[in-house]
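> heads up, no residue letters with this:
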């Protein structure tokens, strides 16, 4: 997979560029002979060109037939009548000013939910982040999840799953100048970032084509603690029930704690459940629903009391 090949528009595909800033990336890709400028929409969040370079790029793109929209919010795309696209490109999205992880996660979440309405049936969303920001195994220098933007989980709110990934190599894009370091007309370090390609997938509560798998799924870890009676509890039934109720999404069930309470004359156990599904989208809210349902069914089947 290469970005320039993905952007090929030889079959008349429509392309939407979001958050272009100085519009240098859109201008660069429009040099590709397979790209049809009249099928391109290029946008930026700012209400006016952010620099003379941006103005020059905008004028150049307009002359080629590219549609330009300023003051465009990529988290509220249902507010615009712009049709549907085969490819949506968002290069290095970020909240302006000093970086705050929670706000940038929120940006990706809102974009994921909003962006789904822009896609044609087989459309793709391409999001490029700096090295380590995404929190996937494809980052050259991966961070712990809590220190990342958690792109897989955030995009899952929009039922978008990762299907391709590669390293962003700046030297392959001569003329592209990233903009926005702390909201200034200054570049930021983007060499060896990660290009993420997403497609729409069914949620865990919908039917799917089991032969189609995402490249990497978000992972969730939830604990379940309960009181039980030895005469009623069967470990094999516990695991079978967890697997069935979770739609095969629980890939690991690990006992992490067990103790006897002399006051209650009962034993408590805590299991750690790991949720992963490569065929269905599972977002954080879906996991909470599944986890609650697992507890309900186990209570009925094994006479346990959820703590």
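Right, received. Where do you want to start? All values reported here derive from a predicted model rather than from experimental measurement.

> make it CA atoms for all contacts and neighbour counts henceforth
Will do.

> show me where pLDDT drops low in this structure?
Low-confidence regions of the chain, defined by pLDDT under 70, span residues 1-11, 97, 180-188, 208-211.

> all strands for the stretch 151-300 of the chain, in order.
160-168, 193-200, 220-228, 250-261, 266-275 (DSSP state E, counting those that start in this stretch).

> nope, the stretch 1-150 of the chain is what I meant
15-18, 40-43, 67-69, 85-91, 119-129.

> for those, give me a markdown table that also has mean neighbour count and distance to residue 50.
Converted to a markdown table, the strands of the stretch 1-150 of the chain look like this (neighbours: other Cα atoms under 10 Å; distance: least, Cα to Cα, whole Å):
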| stretch | mean neighbour count | distance to residue 50 |
| --- | --- | --- |
| strand 15-18 | 24 | 15 |
| strand 40-43 | 24 | 12 |
| strand 67-69 | 17 | 13 |
| strand 85-91 | 22 | 17 |
| strand 119-129 | 20 | 21 |
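
> so which residues make contact with stretch 123-139?
When contacts are defined by Cα atoms under 8 Å, 6 or more residues apart in numbering, stretch 123-139 is touched by residues 85-93, 140-145, 147-152, 165-168, 189-200, 216.

> nope, stretch 76-90 is what I was after
For stretch 76-90, with Cα under 8 Å, 6+ apart as the criterion, the contacting residues are 7, 13-20, 110-111, 114-115, 117-120, 122-128.

> residues of stretch 230-243 that come out buried?
233, 238, 241-243 (16 or more other Cα atoms under 10 Å).

> same question, stretch 155-170
Under 16+ other Cα under 10 Å, the buried positions of stretch 155-170 are 155-168, 170.

> near residue 73, how many other residues are there?
18 (other Cα atoms under 10 Å).

> please apply the same query to residue 285.
The tally of other residues near residue 285 (other Cα under 10 Å) stands at 10.

> next one: residue 59
Residue 59 has 13 neighbouring residues, counting by other Cα under 10 Å.

> that one and residue 53, how far apart?
Distance of residue 59 to residue 53, given as Cα to Cα, to the nearest Å: 10 Å.

> which neighbours do these two have in common?
Once Cα under 8 Å, 6+ apart is applied, it turns out that residue 59 and residue 53 contact no residue in common.

> quick revisit: from the contacts of stretch 123-139, which would you call buried?
Applying 16+ other Cα under 10 Å to the contacts of stretch 123-139 flags 85-93, 142-143, 148-152, 165-168, 190, 192-200, 216 as buried.

> what domains does the record give for this structure?
For the chain, the domain assignment from automatic domain parsing gives the residue ranges 3-200, 220-306.

> go ahead and confirm residue 115 touches residue 158.
Yes - with contact taken as Cα atoms under 8 Å, residue 115 and residue 158 are classed as touching, separated by 7.4 Å.

> look up the closest residue to residue 243, ignoring the ones flanking it.
Spatial nearest neighbour of residue 243, excluding adjacent residues (Cα to Cα, 6 or more residues apart in numbering): residue 250 at 5.9 Å.
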